[in-house]
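Novice: here is my input; please provide its structure:
(chains A and B)
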Amino acid sequence: MTKKVMTANSAVAEAVKLAKPQVIPVYPITPQTSISEKLAQFVADGEIEGEYIRVESEHSALSAALGASGTGVRVFTATSSQGLMLMHEIVFASAGMRAPIVMANANRSVSAPLSIWNDQQDSIAQRDSGWIQIYVEDGQEALDSILTAYKISENPKVLLPSMVCLDGFILTHTVEPVDIPSSEEVDKFLGKYVPKYAFLDPKNPMSIGTFTDPNYYMEARYQIEEAMKNSMDVIEEVNKEFEEIFGRKYGFIEEYKCEDAEIIIVAMGSVCSTLRVCIDDLRKKGEKIGLLKLRVYRPFPVEHIKKAIANAEKIAVLDKNISFGVGGALYNDMKAKTDGEMYNFIIGLGGRDITPNHIDEIVEKTKNPVKDINWIGLKR
Amino acid sequence: MEIPEEELLAPGHRGCAGCGATIGVRLALKALGRNTVAVSATGCLEVITTPFPETAWEIPWIHVAFENAGAVASGVERALKTQGKSDVNIVTFVGDGGTADIGMQSLSGAMERGHNFIYICYDNEAYMNTGIQRSGSTPYGASTTTSPHGKVSFGEDKPKKNMPLIMAAHGVPYVATASISYPEDFMKKVKKAAEVDGPAYIHLNQPCTTGWGYDPSKTIELGRLAIETGSWILYEIVNGEFKVTYKPQIRKPITDYLNAQKRFKHLSEKEKEKIQEFVNNQCIELGIG
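Specialist: Presented below is the predicted three-dimensional model:
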């Protein structure tokens, strides 16, 4: 294990190097670009032995990844925003074809208007695709989540692709100290991917991606739902195993000062670091506030969340996305699957800064609510 | 030429009687043998050969979407390479819509990157799977459901996109045209394509009984007429060298071809003369007279 100072994008590239994918089709896009560059350099220096495909679009990046995965090898790709939008069709196809692809998504807002800055609208728009989605808070978590994502996705009880989501610029371009595990440790944890079911081999011919009529389609979709449910146990096992080898502990959620909290703020990604600091300050003023950081958004860990928020009087749900007309996606999931007095705060769209003042405002508006869905930091 | 008896596309698939596409696949697979992986785009062929839980494919086969066969094949090729399986033939079977229209970008990228696979476009000159809509490969004068003839229209008013030359312009080392009605010529080209270290592109003319409007027993005959009238010309471009591979002894009038199909039935003598003139110019240009 070595400790280095690097951006979260570099941490992702380091994780990919350690996971040893055999095919890496990538198309560069801001703010993912340095992942694609770093991986290209690793390949150019012989530090990654896999094949790097300089595809002509994100649609082709994921298509090539899916074709490669179809032969039974480990693959990686990365994207962001418009790239993920272009991939959308194949995002669904990858889950439907049960390919254990791991993809990093540098979270960025979606056009129009065109913006390169951070929010989480891009990956949230893929939430119904059948991918496992993990939102990370820092570079270390980005690296670790890529490694665990492979182990989760490749489990025969799961066989669903995973998307590791890291906030654009806020994480992708921010340098932090990151522990890089040794190759031996990662080999021990991850091993080589050996496909169990469908793969392209002339010695054992199979047809993959067939045409399906109403007699079979629903069953195929139901199996994805079952796999998503199965992934709950697998994620838990994998996190446990990861902790045993690497000493870092990850769950579906992370609770910060929730035990006695009257208000629990629910959020995903880098804003959780801001929230920790703000909560410490608020607590000094006697405010009983806690943070529920949601790491795994799909599968949606209903029971974990329910347990964590059971004793809170009120819940404030932060969304860096908006489903127009009904509020943020996370808020709607929380309303649908858990109980409690909840308010929604749409924040940080298109890279709008989230400041401690905004957090104070959120707490205030949760204590004295006027409406259920609130846009924070909006110029009027 | 010895044509193997073994069929790698099983009978009992759901193609129409007289389907030209499946004849093309059968011939190509006879040329390539079992050590082959096939990639299909969405389209007729995918739908008729893989109605789950059945499949007509005796070799490994993958389909992902309509516009990405070039990219999927790129991934398959590199992945097999990393497994030391570079001896496996990789062949795509993609219709003209999936090639000349929606899949053009993915194909262009794959060819430009130089992936080692054979791309076969089975060209039936319209979107036949969804009921004969016009594609970039629909020929001048053809009536389709989205370029219908009517009171003020004679049907498709543009000549077909020249895919083989577009591929040649990519520097693809082996580009060829072919017809299912000239099986030896086609199979020889598939074998040559397999020997190329790099990409190969074969544009296969393939009559479609429902889309073109003729009796299902006449598929091979229609394919021959396309060649014998000079409407479709058999050639190959090997490392940039152009060579005609079959020259009709006496070129038949284009009306022999047009009048045999419902899609051209509406054309006036004036339009037919225009098409004859277009064919004449093309034949002179490509040196078949």
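
Novice: how about the strands in the stretch 151-289 of chain B?
Specialist: B:153-154, B:174-179, B:200-205, B:235-238, B:241-244 (DSSP state E, counting those that start in this stretch).

Novice: for A:V73, helix, strand, or coil?
Specialist: Recorded secondary structure, A:V73: coil (DSSP: H, G, I helix; E, B strand; the rest coil).

Novice: residue boundaries of the helices in chain B?
Specialist: Along chain B, counting by DSSP state H, helices occupy B:20-32, B:44-49, B:69-82, B:96, B:104-113, B:163-169, B:183-195, B:219-228, B:254-258, B:269-285.

Novice: closest one to A:M103 among those?
Specialist: Each of the helices of chain B was checked against A:M103 via CB to CB, and the shortest separation belongs to helix B:69-82, namely 13.7 Å. C-beta coordinates here come from the backbone N, C-alpha and C atoms, glycine included.

Novice: buried sites along the closest one?
Specialist: Buried residues in helix B:69-82, counted by 16 or more other CB atoms under 10 Å in any protein chain shown: B:69-82.

Novice: what mean pLDDT does whichever helix in chain A runs longest get?
Specialist: Determined from DSSP H, the single longest helix within chain A is helix A:217-246. In this model, helix A:217-246 has a mean pLDDT of 98.

Novice: how about it: buried residues?
Specialist: Of the residues in helix A:217-246, those buried under the neighbour-count criterion (16+ other CB under 10 Å) are A:224, A:227-228, A:230-232, A:234-236, A:238-239, A:242, A:246.

Novice: which one, of the strands of the stretch 151-289 of chain B, ends up nearest to chain A?
Specialist: With respect to chain A, and counting by CB to the nearest CB, the nearest of the strands of the stretch 151-289 of chain B is strand B:200-205 at 16.5 Å.

Novice: then the closest one to PDB, C-alphas only?
Specialist: Taking only C-alpha atoms (Å, rounded to 0.1, in the frame of the first residue of the first chain), the coordinates of strand B:200-205 have been written out as PDB:
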ATOM      1  CA  ALA B 200     -12.800  -6.000 -44.700                       C
ATOM      2  CA  TYR B 201     -16.100  -4.800 -46.100                       C
ATOM      3  CA  ILE B 202     -18.400  -6.700 -48.400                       C
ATOM      4  CA  HIS B 203     -21.500  -5.100 -49.800                       C
ATOM      5  CA  LEU B 204     -23.900  -8.000 -50.600                       C
ATOM      6  CA  ASN B 205     -26.800  -7.400 -53.000                       C
END
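
Novice: got the angle between it and helix B:20-32?
Specialist: 140 degrees (axes from the mean of the first three to the mean of the last three CA atoms, to 10 degrees).

Novice: helices and strands around strand B:200-205, which ones?
Specialist: Using 3 or more CB pairs under 8 Å, 6 or more residues apart in numbering or on different chains; DSSP states H and E as the contact test, the elements touching strand B:200-205 are strand B:118-123, helix B:163-169, strand B:174-179, helix B:183-195, helix B:219-228.

Novice: look up the closest residue to A:D167, ignoring the ones flanking it.
Specialist: Distances taken as CB to CB, 6 or more residues apart in numbering or on different chains place A:S270 nearest to A:D167, at 4.2 Å, with adjacent residues excluded.

Novice: does the one you found touch A:A142 like I think?
Specialist: No - under the criterion of CB atoms under 8 Å, A:S270 makes no contact with A:A142, lying 10.3 Å away.

Novice: next to chain B, which bits of the stretch 51-200 of chain A? Give me the list.
Specialist: Residues of the stretch 51-200 of chain A found near chain B (CB under 8 Å from any CB of the partner chain) are A:51, A:53-57, A:59-61, A:63-73, A:75, A:89-90, A:93, A:97, A:200.

Novice: what is the burial count for residue 275?
Specialist: Just so you know, I chose chain A. 26 (other CB atoms under 10 Å in any protein chain shown).

Novice: that's the other chain; I wanted chain B
Specialist: B:I275 has 21 nearby residues by other CB under 10 Å.
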